[in-house]
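> sequence and predicted structure below; questions after.
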Amino acid sequence: MTVVVAPVGGAVVGLANVPDPVFAQAMVGPGTAIEPDREPGEAVSPIDGKIIKLHPHAYVVVGDDGRGVLVHLGIDTVQLKGEGFRLLAAEGDRVSAGQPVVAWDPAAIEAAGRSPVCPVVALDAQAGALSDVQESGQVTRGAELFRWE
């Protein structure tokens, strides 16, 4: 079982409310999403593992069990070409859950015309593989978001 923690703090809104059909329809996997607090901060690793993909706007951490978790900082933020993001880790780094990976400013993302909502997705997980998935309420960065059984 893998405990996945919130990479950012804010209001949990669930994947169905993400303004992107790929995430909203769980095409890349199940999970949830967070409407982040509008203050500059750091997005952290959702699990213990190795960063196998790292872009300024998104990253994937794979645990020793081979399970990968995608964190996407905002929607269509790839179009910002890294503006508003600063990498705090490197691809290939081993990280612990809660360790900072990217510094960013959700308010600046919003000001640039993009949604700062953050999908957190269990890549290629089967429907029903997740439990205790938060779909609403507030979450603090580093707090449990869901479990991958």
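The structure has been received and is ready for your questions. Numbering: from 1, shown residues only.

> pull out the buried residues from the longest helix belonging to the chain.
Longest helix of the chain, by residue count under DSSP state H: helix 106-111. Across helix 106-111, burial judged by 16 or more other Cβ atoms under 10 Å covers P106, A108, I109, E110. Backbone N, C-alpha and C define where each C-beta goes, glycine included.

> again, but for stretch 133-142
So for stretch 133-142, counting by 16+ other Cβ under 10 Å, buried means V133, Q134, V139, R141, G142.

> strands - which of those land there?
Here DSSP state E is the test, and those give V139 as lying in strands.

> with pLDDT and distance to V95 added, can I get the buried residues of stretch 133-142 in CSV?
Converted to CSV, these look like this (pLDDT from 0 to 100; distance: Cβ to Cβ, whole Å):
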residue, pLDDT, distance to V95
V133, 96, 22
Q134, 96, 22
V139, 98, 19
R141, 98, 14
G142, 98, 13
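
> closest to S96 out of the buried residues of stretch 133-142?
Lowest distance from S96 to these (Cβ to Cβ) belongs to G142, with 10.3 Å.

> correct me, but the closest one touches P100?
No. In this structure, G142 is not within contact of P100 by Cβ atoms under 8 Å, at 10.3 Å.

> what do these two both touch?
Jointly contacting G142 and P100 under the rule Cβ atoms under 8 Å, 6 or more residues apart in numbering are V44.

> can you list contacts of the longest helix of the chain?
Defining contact as Cβ under 8 Å, 6+ apart, one finds that helix 106-111 is touched by 8, 36-41, 73-74, 77, 80, 84, 115-116.

> try 6 Å
P36, R38, G74, G84, P116 (Cβ atoms under 6 Å, 6 or more residues apart in numbering).

> looking at the residues you listed, which gets the smallest pLDDT?
Note: of the contacts of helix 106-111, the lowest pLDDT belongs to G84, at 90.

> could you pull out the strands in this protein for me?
Secondary structure of the chain (DSSP E): strands located at 2-5, 10-12, 31-36, 41-44, 49-55, 58-62, 68-72, 85-87, 94-95, 100-104, 118-122, 130-131, 138-139, 144-148.

> could I get those strands as a markdown table with distance to F23?
As requested, these are exported to a markdown table (distance: least, Cβ to Cβ, whole Å):
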| stretch | distance to F23 |
| --- | --- |
| strand 2-5 | 15 |
| strand 10-12 | 14 |
| strand 31-36 | 7 |
| strand 41-44 | 16 |
| strand 49-55 | 16 |
| strand 58-62 | 11 |
| strand 68-72 | 7 |
| strand 85-87 | 19 |
| strand 94-95 | 23 |
| strand 100-104 | 18 |
| strand 118-122 | 4 |
| strand 130-131 | 15 |
| strand 138-139 | 17 |
| strand 144-148 | 15 |
